[in-house]
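build me a structure from this.
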Amino acid sequence: MSLAIGTTGVLLDAPGVFGQGAAPRTGAAARGRVDVHFHLGGNAGFGGGGNTGAVSAAARASVEDLDRAGTAAGIISSSSSGAGTGSLDQRNRQAREFNDTAAKWVSDHPTRFGLWTRLPLTDVDASLKEIAYGYDQLKADGIGLVTSYEDAWLGDPRLKPVYEELNRRKAVVYVHPNDAACCGGPNLLSYEKQHPPVGGSWLEYPMNTARTIFSLMLGGTIRQFPDIRFIFSHGGGVTPLLLSRIENFANWDSVGPSKLKELFPDGLSNEFRKLYFEVAQAFSKVNMDALMALVPSSHILYGSDYPVFPADNSAKGLEKLDLPANLRRAIDRDNLAALLPKWKA
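Residues are numbered from 1 along each chain as shown. From the prediction side, this is the model:
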């Protein structure tokens, strides 16, 4: 990896928010659900090619989808392509183009969209500039990363200057999985190649989320920069299933409790409890029971993975669970509002 080292409040339940001059809807929309796992769709996913008409049309179409789903707003992030491709300069331009396109959506529909600023993390200096641009010029909600950049997971020590700045700004950082050099793209396993549409998003994405969470723990990032609030996609992937297994290594003669204490000074489960998670594709009873057994309910947020899935896909999944009304409201919006007061009703 060539790492180069070197707002205003929003009242989402007000009349007119859910369509042109429309009164607020009942049910989920009246609760003001905010989707933290929301991607640009169509041509706008690639910056719209400079076509502002296409960008505006895509934004209007997404607003209509939000209305149909009864969702108040979506915070826009890049998807698995967030690491960019090509040279450092190309990746830097891709990040800026994405951020400017998403900011156009936000400026055109300020009550319906927010922004996780994309960083070209393979270039640390450019990332520091993009952090400043996102916060100071675009008034973004926070930062959007993917789980790996070339050969680096997010706990890579070369990224320390970025985390120092994010900690200073008390940033909220949303993390989406992507293919990793080890096992994505051309390195897909043979059975994935033999059985399309099976691919990296089926198995590798939840594993890569776990890999990058453990890299942040092992590298000390979570401990060293406590004012960064990390949100992970898909309920943390497979991480909730691995914690007790690793903690049980304390009973192995070759590991033992002292080694685990050295690796995870605050305790593995305690560090995991500091993180936040959204529920896209993690809303089954098995997933939610595992997550809620490990993290405070206040650390669970709403996400849909739109437009890969419908904007109400997670809402329909959560409706099948026996969750109390106050927890549903918290997941829909209140937990996010505690992180980002802009989204308070």
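
for the nearest residue to Arg168 once chain neighbours are set aside, give me its contacts.
Distances taken as CB to CB, 6 or more residues apart in numbering place Asp227 nearest to Arg168, at 7.8 Å, with adjacent residues excluded. Glycine gets a C-beta too; all of them are placed from N, C-alpha and C. Residues in contact with Asp227 (CB atoms under 8 Å, 6 or more residues apart in numbering) are Asn167, Arg168, Lys170, Ala171.

in this structure, which helix or strand is least confident?
Lowest by mean pLDDT, DSSP states H and E among the helices and strands of the chain is helix 190-194, with a mean of 74.

give me the contact list for the next helix or strand after it.
Next helix or strand after helix 190-194 toward the C-terminus (DSSP states H and E): helix 200-218. Helix 200-218 is contacted by residues 80, 147-148, 153-156, 175, 177-180, 183-185, 188, 192, 222, 230, 232-234, 236-239, 242, 263-264, 268, 271-272, 275 when judged by CB under 8 Å, 6+ apart.

so Gln224 touches Leu166, yeah?
No - if you go by CB atoms under 8 Å, Gln224 and Leu166 don't touch, sitting 11.4 Å apart.

farthest pair within the contacts of Asp227?
Arg168 and Ala171 (8.5 Å; CB to CB).

circling back to that earlier point, what about Gln224 and Leu166, which has more around it?
Taking neighbours as other CB atoms under 10 Å, Gln224 and Leu166 compare with Leu166 leading, 27 against 13.

now for that one: which residues touch it?
So Leu166 contacts Ile131, Ile143, Val173, Phe225, Ile228 (CB under 8 Å, 6+ apart).

please, which helix or strand holds it?
Secondary-structure element containing Leu166, defined by DSSP H and E: helix 160-168.

how far out from the middle of the chain is that helix?
18 Å (CA atoms, centre = their mean, to the nearest Å).

just how off-centre is stretch 152-171 within its chain?
Relative to the centre of its chain, stretch 152-171 is centred 16 Å away, using CA atoms, centre = their mean.

endpoints of it, how far apart?
Stretch 152-171 stretches 21 Å from its first residue to its last (CA to CA, to the nearest Å).

ok, now stretch 104-113?
For stretch 104-113, the end-to-end distance is 10 Å (CA to CA).

buried residues of it, list them for me.
Buried residues in stretch 104-113, defined by neighbour count with 16 or more other CB atoms under 10 Å: Lys104, Trp105, Val106, His109, Thr111, Arg112, Phe113.

need the helices for the stretch 151-300 of the chain, in chain order.
With helices called from DSSP state H, counting those that start in this stretch, the stretch 151-300 of the chain shows them at 160-168, 190-194, 200-218, 221-224, 239-247, 256-263, 268-273, 285-294.

can you state the direction angle for the first one and helix 200-218?
Read it as helix 160-168. Helix 160-168 runs at 80 degrees relative to helix 200-218, counting by axes from the mean of the first three to the mean of the last three CA atoms, to 10 degrees.

just the fifth one next, same as before
Counting by the same axes, to 10 degrees, helix 239-247 lies at 50 degrees to helix 200-218.

contact partners of helix 239-247?
The contact list for helix 239-247 (CB under 8 Å, 6+ apart) reads 209-210, 213-214, 232, 260, 268-269, 272, 287, 290-291, 293-294.

any idea which element Glu64 lies in?
Per DSSP H and E: helix 52-69 holds Glu64.

I'm done for today, thanks for sticking with me.
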